[in-house]
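1. next come a sequence and a model predicted from it.
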Amino acid sequence: MLDTFLNQTGEISLSLADKIKEHFWTETPPEFPSFDPAYADDEDVVETAAFVGKRWSELNFELFDENSLVLDCLPKETLPYYFGAFLYLSLLEGRYWSNAISRVSDIPGFLRLCGFLSFDQMRTAEEYFFSILDNLEAEQIFEVKKILHVLERVLESRRT
C-alpha cells in the first residue's frame with residue numbers, strides 16, 4: 001500500500017488514513033458466507049460479487065460507485081472491512097461522495113451499518129465524515145450531516 005495520500009487540496013491525509021487502516025484493515029479479506037446458487041441473480045449477491053475475496057489494494061473507488069447498493073447488501077461479517085476500504089480509497093483518490101454512501105445516508109441504512117461497527121470504527125468514521133465536509137456540495141453536506149447525527153447518537157448510546 002502507498003504510505004501517503006493526498007486529498008484534492010494536496011494536503012496529506014496520512015494520520016486519518018492510518019487510523020482507518022488500523023481500525024478496519026486486515027491482512028486477509030473476510031470470508032463471505034456461502035449462498036444458495038438459486039439466489040445467484042439476487043440483488044444482494046450481484047452487488048457484492050465484485051468484492052468477494054478482494055484486498056483493499058484490489059479495489060478502487062469506482063467499484064463502490066458502480067455497485068451503489070454494496071454497503072446495504074454486504075454480509076455483516078464483511079461490512080466493516082469493505083466500509084473501511086471505501087473510507088480509505090476515498091482519501092487515496094480524493095473523491096468524497098459516492099452512490100454507495102448516498103444509499104446508506106438515510107437513517108435506517110446507516111443505523112444498520114453502525115450495528116456491525118466497533119466503537120473505534122465508528123469514531124474513525126465520524127472523523128472521516130467531519131474531514132470531508134469542506135469538499136462536498138450542499139446536498140451532499142446535508143446527507144453527511146445526517147450520517148454524523150446517527151453516528152453521534154449511536155456512539156452516545158454505546159458510552160452509557
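-> In hand now; what should we look at?

2. how near is residue 29 to residue 117?
-> From residue 29 across to residue 117, the span is 17 Å (C-beta to C-beta, to the nearest Å). Quick note: C-beta positions are derived from backbone N, CA and C, even for glycine.

3. with residue 62 instead?
-> 24 Å.

4. the two: which has the busier surroundings?
-> The neighbour comparison of residue 62 against residue 117 (other C-beta atoms under 10 Å) goes to residue 117, with 20 against 12.

5. what helix or strand is the closest residue to that one other than its chain neighbours located in?
-> Excluding the flanking residues, the one nearest residue 117 by C-beta to C-beta, 6 or more residues apart in numbering is residue 80, at 5.6 Å. Taking DSSP states H and E as the criterion, residue 80 maps to helix 79-93.

6. and residue 125, backbone torsions?
-> Main-chain torsions, residue 125, degrees, to the nearest 10: phi -60, psi -40.

7. what sits against it?
-> Listed by C-beta atoms under 8 Å, 6 or more residues apart in numbering, the contact set of residue 125 reads 83, 87, 117, 151.

8. burial of the last one, as a residue count?
-> The burial count assigned to residue 151 is 23, neighbours taken as other C-beta under 10 Å.

9. residue ranges with poor pLDDT in this protein?
-> For the chain, the stretches flagged by pLDDT under 70 are 1-14, 36-45.

10. what comes up buried for the biggest helix by length in the chain?
-> Taking DSSP state H as the criterion, the chain has its longest helix at helix 138-159. Buried residues in helix 138-159, defined by neighbour count with 16 or more other C-beta atoms under 10 Å: 140, 143, 144, 147, 148, 150, 151, 154.

11. quick one: the residues you listed as JSON lines, columns for distance to residue 49 too.
-> Below are those laid out as JSON lines (distance: C-beta to C-beta, whole Å):
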{"residue": "140", "distance to residue 49": "28"}
{"residue": "143", "distance to residue 49": "26"}
{"residue": "144", "distance to residue 49": "28"}
{"residue": "147", "distance to residue 49": "26"}
{"residue": "148", "distance to residue 49": "31"}
{"residue": "150", "distance to residue 49": "28"}
{"residue": "151", "distance to residue 49": "29"}
{"residue": "154", "distance to residue 49": "29"}
